[in-house]
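[1] just the structure for this:
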Amino acid sequence: MYDVIIIGAGPAGISASLYAKRANKSVLVLYHGESQLEKAHMIENYYGFEGGITGKELYENGIAQAKALGVEVKNEEALHISATPEMNYEVVCADNKYEGKTLILSTGNKKLRPNIKGIDEFDGKGISYCAICDGFFYRKKAVAVIGNGDYALSEAGDLENIVEKLIILTDGLPAPDTDKYEIITKKIKEIRGEIRVNAVEFEDGTSLDVNGVFIAQGTAGGADFAKKLGVALNGDSIKANDDMSTNVPGVFSCGNINGGLLQISKAVHEGAEAALSAIKYLKEKKE
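    Residues are numbered from 1 along each chain as shown. This is a model prediction of the structure:
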């Protein structure tokens with residue numbers, strides 16, 4: 001059991017981990033995939049670097065700093081997060097499960113919406129981004145999950161005992177390593193429907209009749225986890241209070257997932273604020 005579990009190892013998440021660890025809390029940071037920060041060729045507007053610094057260097061320095069302080073930092077993909085009856089938070093990865101008294105979401109604002117015709121038109125009308133949230137509406141119906149990684153398989157697992165037919169669509173990418181589900185690797189041309197989704201059309205001219213399509217490309221972002229936990233959103237961003245708390249007790253968010261100014265300075269500030277709020281929450285919960 002950790003005092004604080006942080007999802008994301010960018011400036012916001014690492015900043016949160018430093019403040020939480022210095023308050024003598026047990027802290028776990030989980031991250032997976034390439035950070036947006038790593039893609040920055042040169043950062044010249046951040047305090048303390050006269051000649052600038054590459055995004056990759058800054059990212060790696062942050063993780064090294066957290067580890068040196070004693071923070072557990074693990075490169076594992078968080079696939080599913082849920083609240084326990086005790087109002088702790090369980091994070092499920094491919095090979096491990098972790099439980100924390102508080103949760104800080106700092107994944108950045110990952111846009112998992114694929115560039116497929118019909119995605120925006122049928123958002124909320126057969127297009128969903130959360131199997132746990134919306135699976136119930138597709139009882140005994142046919143659905144497709146778009147994705148080819150562990151996240152897509154996790155979403156499929158949440159749907160398989162609810163729906164009548166489940167197919168994974170990789171949209172031209174390699175098939176995941178499983179024989180549990182029917183998989184179609186064709187490139188998708190369009191998602192069709194009238195009032196709601198009723199079919200997926202492929203570029204080869206064939207089509208698949210479905211009642212719903214669940215989007216699970218790449219790795220899950222903060223908004224995906226927020227939906228599963230009942231955290232309020234504003235579009236793709238989390239609605240965080242000034243102290244980085246959310247509407248769900250014990251869940252905090254910081255950095256780009258909160259929207260607004262997408263700058264490192266803001267992310268670092270919000271990470272510190274989220275950690276201090278989590279520390280305060282833990283104290284009040286104990287009392």
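[2] which residues touch A275?
    A275 sits next to 4, 15-20, 23, 104 when contact means C-beta atoms under 8 Å, 6 or more residues apart in numbering. C-beta here means a position set from N, CA and C on the backbone, and glycine is covered the same way.
[3] 6 Å - rerun?
    Applying C-beta atoms under 6 Å, 6 or more residues apart in numbering to A275 gives the contacts 16, 19-20.
[4] next, count neighbours for the closest residue to it other than its chain neighbours.
    Nearest non-adjacent residue to A275, counting by C-beta to C-beta, 6 or more residues apart in numbering: Y19, 3.6 Å away. Residues near Y19, counting by other C-beta atoms under 10 Å, number 19.
[5] the one 3 residues further on too?
    Using other C-beta under 10 Å, the number of residues around R22 comes to 14.
[6] what's the answer for the one 5 residues further on, then?
    Residue neighbour count, defined by other C-beta under 10 Å, stands at 29 for V27.
[7] tell me what it is bridged to.
    Taking DSSP bridges as the rule, V27 bridges to V4.
[8] cool, and G193?
    In this entry, G193 is beta-bridged to V197, by DSSP bridges.
[9] the residue nearest to A275 and A12, how far apart?
    Using C-beta to C-beta, to the nearest Å, Y19 is found at 11 Å from A12.
[10] and for E190?
    Distance of E190 to A12, given as C-beta to C-beta: 37 Å.
[11] who has more neighbours out of the two?
    The residue with more neighbours, out of E190 and A12, is A12; 33 against 16, by other C-beta under 10 Å.
[12] ok but that one is inside a helix, no?
    Yes. Membership of A12 in a helix is supported by DSSP: H, G, I helix; E, B strand; the rest coil.
[13] now it, nearest residue through space, not along the chain?
    Excluding its sequence neighbours, the residue lying closest to A12 (C-beta to C-beta, 6+ apart) is G255, at 2.9 Å.
[14] dump the residue contacts of that neighbour.
    Residues near G255 by C-beta under 6 Å, 6+ apart: 12, 106, 267, 270.
[15] out of these, flag the one nearest to D204.
    Lowest distance from D204 to the contacts of G255 (C-beta to C-beta) belongs to S106, with 41.0 Å.
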